[in-house]
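Trainee: Structure of the sequence below:
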Amino acid sequence: MGKASKVTTRSLSRMKKKGEPIAMLTAYDYPSARLAEAAGVDVILVGDSLGMVVLGYDSTVSVTLDDMMHHTKAVVRGSKRAMVVADLPFLTAHLGKEEVLRLAGRLMQEGGAQGVKMEGGEAIVDAVRACTAAGIPVMGHLGLTPQSVHQLGGYRIQGKDAEVARRILREARMLEEAGIFALVLECVPEELAREITRAVGVPTIGIGAGRHCDGQVLVYHDVLQMASDLKPSFVKAYAEVGDQILGALRRYVEDVRERRFPEEEHVFHSSEVQASLYGGRGGDKG
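Mentor: Residues are numbered from 1 along each chain as shown. This next block holds a predicted model:
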């Protein structure tokens with residue numbers, strides 16, 4: 001079997017035209033990227049959601065560019081075929097064209113990302129246009145934008161009323177005109193996501209946006225249910241890894257406490273050292 005081709009903005013566009021669903025998943029480190037790659041994921045998103053699922057913050061607002069750089073580098077090392085897209089952190093898109101270009105350029109040049117994601121609508125159009133004009137691929141993000149969670153009044157479905165839905169649709173068209181190569185739609189009604197998917201020529205990637213987007217994205221830890229006490233209603237967990245990990249760690253601790261670990265198969269021996277220290281006699285194991 002031949003080597004699979006690298007996923008690019010052009011191949012994602014072809015997938016939309018052919019009606020081939022796009023599988024996108026977050027990853028935050030080398031081993032998770034390796035697994036996502038092996039599973040056949042098309043796009044790996046180094047999301048600023050790492051602030052909550054990896055770094056323990058209450059929201060994505062506290063995530064810095066240095067955080068994103070660190071994790072992006074690790075993910076890039078673990079991926080070959082999948083396209084790696086990195087989030088620009090809180091406020092970045094509002095710092096002016098020159099600063100946005102500098103920071104997005106760092107994620108591409110130093111971090112190794114093949115694209116960046118920006119949250120927001122009309123307010124970030126100029127920043128998107130500046131990046132795309134400079135050759136930086138930009139993925140848009142509308143609906144529930146976690147970096148604006150405090151302004152939105154929490155994690156709420158967006159676009160349930162006609163006025164907000166029309167605004168989101170209008171902003172999707174504006175972002176497409178500014179040059180985005182794909183658009184994440186988060187926590188919007190399925191009907192709105194379907195209309196946006198029909199209205200724009202770029203692939204739409206849904207998360208809590210129903211069944212009519214060109215692709216889907218979920219958080220790595222949610223797919224594996226790493227935290228059994230946290231699962232958004234739109235998430236389908238494909239394993240209960242968190243419980244399995246906890247059980248394994250508890251067994252390890254118990255084995256250490258009861259001196260059942262290490263066993264003979266886990267230790268090293270040296271007859272020379274034994275002869276030197278104990279004159280050939282077995283040493284005191286206590």
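Trainee: show me where pLDDT drops low in the stretch 51-200 of the chain?
Mentor: In the predicted model, the stretch 51-200 of the chain carries pLDDT under 70 at residues 146-155.
Trainee: let's go with 90 and repeat that
Mentor: Scanning the stretch 51-200 of the chain for pLDDT under 90 picks out 58-61, 90-97, 145-157.
Trainee: Show me where it has its strands.
Mentor: Ranges of strands within the stretch 51-200 of the chain are 83-87, 115-117, 138-143, 182-186, based on DSSP state E, counting those that start in this stretch.
Trainee: Please identify which of the ones you listed is closest to Ala165.
Mentor: Nearest of those to Ala165, taken as Cβ to Cβ: strand 138-143 at 10.1 Å. C-beta coordinates here come from the backbone N, C-alpha and C atoms, glycine included.
Trainee: Can you name every helix or strand that that closest one contacts?
Mentor: If you count contacts as 3 or more Cβ pairs under 8 Å, 6 or more residues apart in numbering; DSSP states H and E, strand 138-143 packs onto strand 115-117, helix 125-133, helix 162-178, strand 182-186.
Trainee: Could you check the angle that strand makes with strand 182-186?
Mentor: For strand 138-143 against strand 182-186, the angle by axes from the mean of the first three to the mean of the last three Cα atoms, to 10 degrees is 20 degrees.
Trainee: Only the buried residues of strand 138-143, if you could.
Mentor: Val138, Met139, Gly140, His141, Leu142, Gly143 (16 or more other Cβ atoms under 10 Å).
Trainee: Please report the distance of the fourth one from Tyr30.
Mentor: His141 sits at a distance of 25 Å from Tyr30 (criterion: Cβ to Cβ, to the nearest Å).
Trainee: before we move on, what about the first one?
Mentor: Using Cβ to Cβ, we find Val138 at a distance of 25 Å from Tyr30.
Trainee: Next: the third one.
Mentor: As for Gly140, its distance to Tyr30 is 28 Å (criterion: Cβ to Cβ).
Trainee: what do you get for the last one?
Mentor: Using Cβ to Cβ, we find Gly143 at a distance of 30 Å from Tyr30.
Trainee: Could I get the pLDDT score of Met1?
Mentor: Predicted confidence (pLDDT) for Met1: 42.
Trainee: need the helices for this structure, in chain order.
Mentor: 9-18, 30-39, 50-53, 65-77, 97-109, 125-133, 149-152, 162-178, 190-199, 220-223, 241-257, 271-278 (DSSP state H).
Trainee: Domain boundaries for this structure, per the record?
Mentor: The record's domain parsing of the chain by automatic domain parsing lists 9-239, 244-278.
Trainee: Can you say which of those is packed in most?
Mentor: Mean neighbour count (mean count of other Cβ atoms under 10 Å) peaks for domain 9-239 among these, with a mean of 19.
Trainee: Kindly check the end-to-end length of it for me.
Mentor: Using Cα to Cα, to the nearest Å, the end-to-end distance of domain 9-239 comes out at 31 Å.
Trainee: check contacts around Ala162.
Mentor: With contact set as Cβ atoms under 8 Å, 6 or more residues apart in numbering, Ala162 has no partners.
Trainee: Quickly note the distance from it to Thr197.
Mentor: 18 Å.
Trainee: How about Ala165?
Mentor: In terms of Cβ to Cβ, Ala165 sits 14 Å off from Thr197.
Trainee: what do you get for Gly135?
Mentor: Taken as Cβ to Cβ, the span from Gly135 to Thr197 is 26 Å.
Trainee: what does Val41 give?
Mentor: Going from Val41 to Thr197 by Cβ to Cβ gives 20 Å.
Trainee: do the same with Met69
Mentor: For Met69, the distance to Thr197 - Cβ to Cβ - is 32 Å.
Trainee: one step back: can I get the helices of the chain in JSON lines with distance to Asp87?
Mentor: What follows is those, written out as JSON lines (distance: least, Cβ to Cβ, whole Å):
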{"stretch": "helix 9-18", "distance to Asp87": "17"}
{"stretch": "helix 30-39", "distance to Asp87": "15"}
{"stretch": "helix 50-53", "distance to Asp87": "9"}
{"stretch": "helix 65-77", "distance to Asp87": "6"}
{"stretch": "helix 97-109", "distance to Asp87": "9"}
{"stretch": "helix 125-133", "distance to Asp87": "14"}
{"stretch": "helix 149-152", "distance to Asp87": "14"}
{"stretch": "helix 162-178", "distance to Asp87": "16"}
{"stretch": "helix 190-199", "distance to Asp87": "20"}
{"stretch": "helix 220-223", "distance to Asp87": "14"}
{"stretch": "helix 241-257", "distance to Asp87": "24"}
{"stretch": "helix 271-278", "distance to Asp87": "53"}
